[in-house]
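Take a look and give me a structure for this.
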Amino acid sequence: MLVYPQLTSGALAQFPVQKRRRMRTIVNVLADRTTIKLADPQGEITEWQLTYTGLSDDEATALQQYFMATEGRLTVFTFLDPTANLFAWSDQLDNAAWNKGPLLAITGGVADPLGGTSAWHLSNSGSGPQGITQTLQVPGGYMYCSSVYGRCPQATTVTLLRGIDRADGILGAGWNRITFSGHGDPAAASLEFGIEVPAGGSVDIFGLQVEPQASASAYKRSTQGGVYPNAYFRDDVLSFTTTDVNRHAATINIIHANRL
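Alright, predicted model coming up:
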């Protein structure tokens, strides 16, 4: 699977990143001049402009080789949106996108740390750990940062999951954000991310997030998630400007159209 490459830092982009989403509305004018309008999700187009400066020789070469592998606009690839939460439906843990342990009860409408009511109460009635996860079609060997806000009246250890890798975090009475960064299995074509609650545990959580980078950014609510298969380069030419020894600059434009 062709996936847009990360830089050596583990980031996919540098600031500034420009993202533009164009929606399409179908308009039907009837004989009596009545107008019917309907949103057309299949006509949605998302565009990114990535501006790079200070790229090393190795990073510039890697981008150039990747561009050549796709033959410019010809071949589609998977793009992990550096501005988005890779999870789908991050505020709706009862959505079918989530895989829930059979003995894990979830209740929505809980007050969250941002002043809303988008947090969830998780209660594990089983004798072993129970989790809520999503399997994302992303390369295993990339750098990822998982994060979640949580709280519990009594100190409780929860576990963030990334494939076969796990990291424990301690929650207390106040809202606390725990993070888990690192690379997954390079041989894996997908990774399961989520959180696990210990046997008999009960916690409130909010803002489950996965990002293709080394550190967590501000929480971003999601619906469709930030994994875009069938993205493609807008241009057939990729130019680099050398600004110093081992320093290069480039601008890359990427497009994703739902109709493809």
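
make it CA atoms for all contacts and neighbour counts henceforth
Noted.

Give me the residue ranges of the chain where confidence is low.
Confidence mapping of the chain against pLDDT under 70 gives the ranges 259-260.

can we see that at 80?
Regions of the chain meeting the criterion pLDDT under 80 cover residues 1, 23-24, 38-43, 259-260.

what's the helix or strand for the residue of it most remote from its centre?
Going by C-alpha atoms, centre = their mean, the residue of the chain most distant from its centre is D32, 46.6 Å out. Following DSSP states H and E, there is no helix or strand that holds D32.

contacts for the longest strand seen in the chain?
Secondary structure assigned by DSSP state E gives strand 35-55 as the longest strand of the chain. Contact with strand 35-55 is made by 13-30, 243, 246-259, as judged by C-alpha atoms under 8 Å, 6 or more residues apart in numbering.

Among the residues you listed, name the ones in strands.
Filtering the contacts of strand 35-55 for strands - DSSP E - leaves 17-29, 243, 247-257.

I'd like to know which of these are buried.
K19, R247, H248, A249, A250, I252, N253, I254, I255, H256, A257 (16 or more other C-alpha atoms under 10 Å).

who touches Q154 in this structure?
L171, G172, A173.

which of those tops the neighbour count?
L171 (23 neighbours; other C-alpha atoms under 10 Å).

Quickly list what that residue is bridged to.
T156 (DSSP bridges).

thought it was touching A155?
Yes - between L171 and A155 there is a contact under C-alpha atoms under 8 Å: 5.6 Å.

and the most centrally placed residue in the chain, what is it in contact with?
The structure's the chain has its C-alpha centroid closest to L86; by C-alpha atoms, centre = their mean the separation is 1.5 Å. L86 is in contact with L80, L136, Q209, V210, E211, P212, S222, G225, G226, V227, counting by C-alpha under 8 Å, 6+ apart.

And for F180?
Contacts of F180 (C-alpha under 8 Å, 6+ apart): C145, S146, S147, L160, A167.

Next, find the distance separating the first one from A249.
Spelled out, that is C145. 26 Å (C-alpha to C-alpha, to the nearest Å).

Mind giving me the packing neighbours of the host helix or strand of A105?
Assigned by DSSP H and E, A105 belongs to strand 104-110. The contact analysis (3 or more C-alpha pairs under 8 Å, 6 or more residues apart in numbering; DSSP states H and E) places strand 104-110 against strand 119-124.

what's the angle between the next helix or strand after the strand it packs on and strand 104-110?
Per DSSP H and E, the first helix or strand lying C-terminal to strand 119-124 is strand 130-136. Here the directions of strand 130-136 and strand 104-110 differ by 80 degrees (axes from the mean of the first three to the mean of the last three C-alpha atoms, to 10 degrees).

Could you list the paired strands of the following helix or strand past strand 130-136 along with their orientation?
Downstream of strand 130-136, the first helix or strand assigned by DSSP H and E is strand 143-151. Strand 143-151 pairs in its sheet with strand 176-183 (antiparallel), strand 202-211 (antiparallel), by DSSP bridges.

With respect to G131, which of those lies nearest?
Closest to G131 of the strands paired with strand 143-151, according to C-alpha to C-alpha: strand 202-211, at 11.9 Å.

What is the distance between that closest one and the centre of its chain?
14 Å (C-alpha atoms, centre = their mean, to the nearest Å).

now do stretch 218-235
Using C-alpha atoms, centre = their mean, the offset of stretch 218-235 from its chain centre is 7 Å.

Of all pairs in the contacts of L86, which one spans the longest distance?
P212 and S222 (14.9 Å).

Show me which of the two is the more surrounded one.
Remark: of P212 and S222, P212 carries more neighbours, 28 against 19, as counted by other C-alpha under 10 Å.

Return the set of buried residues in the longest strand of the chain.
Neighbour-count burial for strand 35-55 [16+ other C-alpha under 10 Å]: E44, I45, T46, E47, W48, Q49, L50, T51, Y52, T53, G54, L55.

And the closest residue in space to the second one that isn't next to it in sequence, how far from G116?
I take that to be I45. Distances taken as C-alpha to C-alpha, 6 or more residues apart in numbering place A257 nearest to I45, at 4.4 Å, with adjacent residues excluded. According to C-alpha to C-alpha, A257 and G116 sit 33 Å apart.
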